[in-house]
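[1] fold the following for me, if possible:
(chains A and B)
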Amino acid sequence: MSKILIGRYVAGDSIIYRMDPRGKLLATILFILFVFLANNPVSYVIVTIFSFVAVAATKLKPKIFWDGVKPLIWLILFTSFLQLFFTVGGTVYWQWTIFALSSYGITNAVFIFIRFTVIILISTVMTVTTKPLEIADAIEWLLKPLKIVRVPVDKIALVMSIALRFVPTLFDETLKIMNAQRSRGADFNNGGLITRAKAITPLLVPLFINSLETAIDLSTAMESRGYRGDQGRTKFRVLRWSYLDLINLAYFILLLILLLVFRTH
Amino acid sequence: MATDSIIKIKNVSFSYPESDKPAIDNISFEVERGSWTSIIGHNGSGKSTIIRLINGLLVPDEKENSLIEVDGIKLNDDTVWDIRDKVGVVFQNPDNQFVGATVADDVAFGLENRGVPHEQMVKTVAEAIKAVGMSEYANSEPANLSGGQKQRVAIAGILAIRPKIIVLDEATSMLDPEGRDKILKIVRQMKDEYNLTVISITHDIDEANMADQVLVMNDGKLITEGSTKTVFSQVELLKKLGLDVPFFEQIKAKLLNDSMKIPASVDSEKELINFLCQLNSKM
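    Numbers count the residues shown, from 1 in each chain, chains lettered A, B, ... in the order given. The predicted structure is shown next:
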């Protein structure tokens, strides 16, 4: 029970693990933007190589990344197929009513497939090597400029970290309630969709009430421990940049340069 | 009790907005610096409400002659944060007061709130975690800790602030006996080490018996107060209020009822055992 995974963090040790979460988050976002620069076979090969190097640098089993792609594989294939049969242009090999198989269609389908896959791979690299809490810290850092327009970034960050902290607690609570209901004859596993949905109600109501009670208790405890909003708060968890983040940065700048050189202008 | 009182409460009343009966009905008492005070009473007697009034979580009914004073500071809107620096509360539910994502983060929470610089925070947090014997769990997440361990973290979080008073608001009621004993041992140790004043709200009669002074509450009123011995010897009164009495006091009361002559000096379990043994040997 103690090993509930929030997010998809997988324990491990490699240079990617030691990089600053802020750098990783930024790199992931930049990568997604850069991918759209690719527009010919050479640039797509470059993007693919770069993402596979990143995957290899995590020193994790390929299966973990396959698990990242798997849930979205139908979406990727569907989008690729749309490209394949609805793109018109180049040499047309086959046509039937509105469906057409053309050379443009084939290249587009392959490009879309690669684009989707590498984006998922790179975001998986980030989510499996970074703890949810670190991601929350990175998001907080990224949102910081919004403070100027009075977005309560510190409060949002605290909410995120408390939410993450309470996920296992709520999960335990759910199991407890489920067992209590089961011991009185409730059945959560049989019956059709509607029966099962109905069976969930006696689970949700106590869970909801418990959560409210927890929230009230927690706010009392926080207040009595001196919490009064963002006023003059300091932070215990501090993120530090290191030379590894320069490597991270250099890697993606190199990708940008290569893409700019090799893409079709 | 004209000596050094760290808490002074005078004529304080409080009613929850949705109820017409006061939760606290004109209560006055004082707590001596460095002492251990227990507050006992059945559910809804106002024990916990008193604590929430002392650290300003609740605001008492407005009355001219009422007063709450903690360590020489009168409680009002301006001083409430100063008073919360002096009073640390360990609440009942171990999970619902664990704010941080890890042990160290949670202990640091109070320090973060007070704007303590980072370097100092790191040092203080490590010390506080060590004081409650949780060093090896510093980076553990709450989901991997037992209730007793979480309560020890709560105590560490309070120690880090260096308060004058530590309040246990039924802090041991959700723990197993072992966890409970450990918590009480740590609190006793910390009390001696940092010269803390302890207030423990409890249902547990053994825990109440650790105190120097006991307050008995019922329906928002202070029924009786005094040293542990004087209060617990009022067996009839406590029973009438539906409260437990230490086992030896129950025996003693029954023996007295049977007109056995027990000297007043017999006021602990050990002394009672000694007395009874000697009684036998004479026969």
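
[2] enumerate the residues of chain A near chain B.
    Taking C-beta under 8 Å from any C-beta of the partner chain as the test, the list of chain A residues beside chain B reads A:2, A:4, A:133, A:161-162, A:164-165, A:168-169, A:172, A:213-214, A:217-218, A:220-228, A:232-238. Where C-beta positions appear, they are placed from N, C-alpha and C, glycine not excepted.

[3] okay, strands next: where are they in the stretch 51-200 of chain B?
    In chain order, the stretch 51-200 of chain B shows strands spanning B:67-70, B:73-74, B:87-90, B:165-169, B:197-201, with DSSP state E, counting those that start in this stretch as the criterion.

[4] what comes into contact with the helix or strand just after the last one?
    For strand B:197-201, the following helix or strand on the C-terminal side (DSSP states H and E) is helix B:205-209. Outside of helix B:205-209, the residues that reach it under the criterion C-beta atoms under 8 Å, 6 or more residues apart in numbering or on different chains are B:38, B:40, B:172, B:180, B:184, B:200, B:202, B:214, B:228, B:232, B:244-246.

[5] need the contact list for the residue nearest to B:Q250 when sequence neighbours are not counted.
    Take B:Q250 and drop its neighbours on the chain: the residue closest to it by C-beta to C-beta, 6 or more residues apart in numbering or on different chains is B:V235, 6.5 Å away. Residues counted as contacts of B:V235 (C-beta under 8 Å, 6+ apart) are B:245, B:249-250, B:252-253.

[6] of those, which pair is most distant in space?
    Within the contacts of B:V235, two members stand farthest from each other by C-beta to C-beta: B:V245 and B:K252, at 9.6 Å.

[7] show me chain A divided up by domain.
    Structurally, chain A divides into domains by automatic domain parsing as follows: A:15-130+A:241-262, A:153-224.

[8] quick one: the last one to chain centroid distance?
    Meaning domain A:153-224. The chain centroid and the centroid of domain A:153-224 are separated by 23 Å under C-alpha atoms, centre = their mean, to the nearest Å.

[9] on that earlier part again, make JSON lines out of the strands of the stretch 51-200 of chain B and add mean pLDDT and mean neighbour count.
    Converted to JSON lines, the strands of the stretch 51-200 of chain B look like this (pLDDT from 0 to 100; neighbours: other C-beta atoms under 10 Å in any protein chain shown):
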{"stretch": "strand B:67-70", "mean pLDDT": "91", "mean neighbour count": "20"}
{"stretch": "strand B:73-74", "mean pLDDT": "90", "mean neighbour count": "14"}
{"stretch": "strand B:87-90", "mean pLDDT": "94", "mean neighbour count": "26"}
{"stretch": "strand B:165-169", "mean pLDDT": "93", "mean neighbour count": "25"}
{"stretch": "strand B:197-201", "mean pLDDT": "94", "mean neighbour count": "25"}
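
[10] look up how far B:L272 lies from the residue nearest to B:Q250.
    Taking C-beta to C-beta, to the nearest Å as the measure, B:V235 falls 13 Å from B:L272.

[11] any common contacting residues for these two?
    B:K252.

[12] tell me the first helix or strand C-terminal of whatever helix or strand A:F52 lives in.
    With elements delineated by DSSP H and E, A:F52 resides in helix A:41-57, which encompasses its position. Tracing the chain C-terminally past helix A:41-57 and defining elements by DSSP H and E, one meets helix A:62-69 next.

[13] which neighbouring elements make contact with that following helix?
    In terms of contacts (3 or more C-beta pairs under 8 Å, 6 or more residues apart in numbering or on different chains; DSSP states H and E), helix A:62-69 is packed against helix A:103-129.

[14] can you map out the helices along chain B?
    If you assign secondary structure with DSSP state H, the helices in chain B sit at B:47-54, B:80-86, B:103-113, B:118-131, B:147-159, B:177-194, B:205-209, B:228-232, B:235-240, B:247-257, B:269-282.

[15] which one of those helices lies nearest to A:L77?
    With C-beta to C-beta as the measure, helix B:103-113 is the member of the helices of chain B nearest A:L77 (42.8 Å).

[16] for the closest one, name the packing helices and strands.
    helix B:118-131, helix B:147-159.

[17] helix/strand/coil for A:Q95?
    Remark: A:Q95 carries the secondary structure label strand [criterion: DSSP: H, G, I helix; E, B strand; the rest coil].

[18] give me the residues contacting the lowest-mean-pLDDT helix or strand in chain A.
    When the helices and strands of chain A are scored by mean pLDDT, DSSP states H and E, strand A:92-96 comes last with a mean of 81. Contact partners of strand A:92-96, identified using C-beta under 8 Å, 6+ apart, comprise A:100-103.

[19] the residues of chain A next to chain B, buried ones only, as a PyMOL selection?
    In PyMOL, a selection of the buried entries from these looks like this (16 or more other C-beta atoms under 10 Å in any protein chain shown):
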select buried, chain A and resi 133+161+162+164+165+168+169+214+217+218+220+221+222+223+224+225+226+227+233+234+236+237
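
[20] can you tell me which of the residues of chain A next to chain B are in helices?
    Within the residues of chain A next to chain B, membership in helices is found for A:133, A:161-162, A:164-165, A:168-169, A:172, A:213-214, A:217-218, A:220-224, as judged by DSSP H.

[21] CA atoms of the least confident helix or strand of chain A as PDB?
    C-alpha atoms of strand A:92-96 as PDB (Å, rounded to 0.1, in the frame of the first residue of the first chain):
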ATOM      1  CA  VAL A  92      -1.600   9.600 -56.400                       C
ATOM      2  CA  TYR A  93      -1.200   5.800 -56.100                       C
ATOM      3  CA  TRP A  94      -4.800   4.900 -55.300                       C
ATOM      4  CA  GLN A  95      -8.100   6.700 -55.100                       C
ATOM      5  CA  TRP A  96     -11.600   5.800 -54.000                       C
END
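
[22] that one to helix A:103-129, inter-axis angle?
    What separates the directions of strand A:92-96 and helix A:103-129 is an angle of 90 degrees, with axes from the mean of the first three to the mean of the last three C-alpha atoms, to 10 degrees.

[23] what pairs with strand A:92-96, parallel or antiparallel?
    Paired strands of strand A:92-96, with direction, are strand A:99-102 (antiparallel) (DSSP bridges).

[24] state the number of residues packed around B:N55.
    When neighbours are defined as other C-beta atoms under 10 Å in any protein chain shown, B:N55 has 24 of them.

[25] what sits closest to it if chain neighbours are left out?
    Once chain neighbours are set aside, the closest to B:N55 by C-beta to C-beta, 6+ apart is B:V87, at 4.6 Å.

[26] pLDDT value on residue 5, please?
    Picking chain A for this. At A:L5, the pLDDT value in this model is 47.

[27] meant chain B, my bad for not saying
    For B:S5, the pLDDT comes out at 88.

[28] about what we covered before: in JSON lines, list the strands of the stretch 51-200 of chain B along with distance to B:L111.
    Formatted as JSON lines, the entries for the strands of the stretch 51-200 of chain B read as follows, by distance: least, C-beta to C-beta, whole Å:
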{"stretch": "strand B:67-70", "distance to B:L111": "21"}
{"stretch": "strand B:73-74", "distance to B:L111": "21"}
{"stretch": "strand B:87-90", "distance to B:L111": "12"}
{"stretch": "strand B:165-169", "distance to B:L111": "16"}
{"stretch": "strand B:197-201", "distance to B:L111": "21"}
